[in-house]
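[1] I would like to see how this sequence folds:
(chains A and B)
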Amino acid sequence: MMAEQKKMVEDITSMEEDFAKWYTDIVKKAELIEYTSVKGCMVIRPYGYAIWENMQKILDGMFKATGHENVCMPMFIPESLLQKEKDHVEGFAPEVAWVTHGGNEKLEERLCVRPTSETLFCEHYANIVHSHRDLPKLYNQWVSVVRWEKTTRPFLRSREFLWQEGHTIHATAKEAIEETERMLGVYTKFCEDSLAMPVIQGKKTESDKFAGAVSTYAIEALMHDGKALQAGTSHYFGDGFAKAFGIQYQSKENKLEYPHQTSWGVTTRLIGAIIMTHGDNNGLVLPPAVAPIQAIIIPVAQHKPGVLDKANAVKAELEKAGIRVKLDDSDNSPGWKFSEYEMKGVPVRIELGPRDIENNQCVLVTRHNREKTFVSLDGLADSVKAKLCEVHDALYRNALENRERRTYTCKTLDEITEALEKNGDGFIKAMWCGDEACEDKVKEVTGVGSRCMPLEQEVVSDTCVCCGKPAKHLVYWGKAY
RNA sequence: CGGGGUGUAGCGCAGUUGGUAGCGCGCUUGCUUUGGGAGCAAGAUGCCGGGUGUUCGAGUCACCUCACUCCGACCA
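    Residues are numbered from 1 along each chain as shown, chains lettered A, B, ... in the order given. Now for the predicted structure:
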């Protein structure tokens, strides 16, 4: 846990007092979102959107580097198309929004606003895939989707949300499975290297699978309050969708074959994950890689001659070095600015006043621990870059520590209940026999559901935590967002 | 979708037995300030979430609706 800090920003509820309120306070006070008059639909404000844009840029680069191309599918899905794959439609039907009219005319067939685009990609693949030479197709799209959620929370569960959805189609199961795993790895790397957020990679149980998938993989992160958040998913579909949508190709052997498919996605929920992984009682704490402003320059006594000139020169120098930097020369007091940018989670603050300029130095303050260091103005860009790296590492370390501190290994249901009562919510590592009845019972008795079966399996006991029969899998259990 | 809470100025709130709306912060202007949310002075800001009723009269009472929020069930 990070060092005790005096709470400076009074308008943010402390997370110990009310975690949910703390979260919504940050979302509003850091100017990430504004509500609209439609439930569950929010304005992502420039500062919030800039975080998303930074994520997009990094992820998009990773997708391109692994051979993917971006496309854009329509927003509407005819009901008949949605219904082609039975499990899929059953999974999504309860939460789709329907368009029933065009202008004043009732539509012959109603259209759903995409909750996800498997069906559209399948329809398209059926048209363009004919030969093994057409495979694989590695497509991705950056769009919004709509799911008519009952309870909504900014970023974590909204009715419309931004995401990327990758949809790929391959000649063989082996290739498709490799793709599923590759993308899970891309997400993991992104979360760790760019969001400073450690995740558990694993496979979902049967009951928790994506509607229509053969297998679903996910990355699970643990939030400050000990609740788990699914941060990304990657699905292997086998040839189920291909069969439902009539996608076939001719192989080298001149035989008609069904191709194998995958899909994978991450959403603006990741912004919620950042808030609840790194944020503190003074507001947001942003990982440097995605922070819209990486360094904020706050001039002190800025009316004095030379101060703003120097601040502008420093800004230009940092910009030139590729650092996202802002100079706040508004006439708010320095103290006000300190609080403001802490609330907004800017990783590094640069204080620059007459005394500093006289000494050819400035004060660097890191947001996550408020540590102050005096550094020379010579080579400042390098000092700032080094700080940003330090911040990233510290954020990751803190998050990992929090997760480890809140991960409990249990052998029986009683141990689970006891661990949760004693230490608060967190991940439970416990063995499972593979029976759905046990999975349900664990949830019923202890309140924690299965999050995933980690790729890195261990044996913490020989028997199922629930029924005592021989165990098949290690499962991470937890309360989820 | 079930159970609670809340909607009054940009934000946070007060508003008594029903009588025509107020405080703090913020905002505007000016001066003084500037190393942790500065001070003084003068200003501006409201269809009291929306609708329907009761009433001479509704922010206040009743009913309906919408949104936010929390706790469950379902989900990225």
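
[2] what about residue A:310, helix or strand, and which?
    Of the helices and strands defined by DSSP states H and E, residue A:310 is found in helix A:307-320.

[3] Okay, buried residues for that helix please.
    A:307, A:310-311, A:314-315, A:317-318 (16 or more other CB atoms under 10 Å). Every C-beta, even on glycine, is put in place using the N, C-alpha and C of the backbone.

[4] next helix or strand past it?
    Stepping forward along the backbone from helix A:307-320, the first helix or strand reached (DSSP H and E) is strand A:325-327.

[5] Can you name every helix or strand that that following strand contacts?
    Contacts of strand A:325-327 with other secondary structure elements, assessed using 3 or more CB pairs under 8 Å, 6 or more residues apart in numbering; DSSP states H and E, are made with strand A:295-299, helix A:307-320.

[6] Let me know the angle separating the helix ranked longest in chain A from strand A:295-299.
    In chain A, taking DSSP state H as the definition, the longest helix is helix A:380-405. Angular relation of helix A:380-405 and strand A:295-299 on a 0 to 180 degree scale: 120 degrees, by axes from the mean of the first three to the mean of the last three CA atoms, to 10 degrees.

[7] domain ranges for chain A?
    Per automatic domain parsing, the structural domains of chain A span A:19-278, A:293-396, A:407-478.

[8] Dump the ones you listed to TSV, plus distance to residue A:284.
    What follows is the domains of chain A, written out as TSV (distance: least, CB to CB, whole Å):
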stretch	distance to residue A:284
domain A:19-278	5
domain A:293-396	3
domain A:407-478	22
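
[9] Adding mean pLDDT, write those domains out as CSV.
    Formatted as CSV, the entries for the domains of chain A read as follows, by pLDDT from 0 to 100:
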stretch, mean pLDDT
domain A:19-278, 94
domain A:293-396, 96
domain A:407-478, 94
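
[10] With distance to RNA strand B added, can I get these in TSV?
    Conversion of the domains of chain A to TSV gives the following (distance: least, CB to the nearest atom of the strand, whole Å):
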stretch	distance to RNA strand B
domain A:19-278	3
domain A:293-396	3
domain A:407-478	7
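
[11] Could you check those domains and tell me which one is nearest residue A:12?
    Comparing these by their distance to residue A:12 (CB to CB), the top pick is domain A:19-278, with 4.6 Å.

[12] What's the end-to-end length of that closest one?
    Start to finish, the residues bounding domain A:19-278 are 13 Å apart (CA to CA, to the nearest Å).

[13] Dig out what the closest residue to residue A:67 other than its chain neighbours forms beta bridges with.
    Sequence neighbours aside, residue A:138 is the residue nearest to residue A:67 in space, at 5.2 Å (criterion: CB to CB, 6 or more residues apart in numbering). With DSSP bridges as the criterion, the beta-bridge partners of residue A:138 are residue A:168.

[14] Can you name the residues that contact residue A:138?
    If you count contacts by CB atoms under 8 Å, 6 or more residues apart in numbering, residue A:138 has them with A:66-69, A:166, A:168, A:179.
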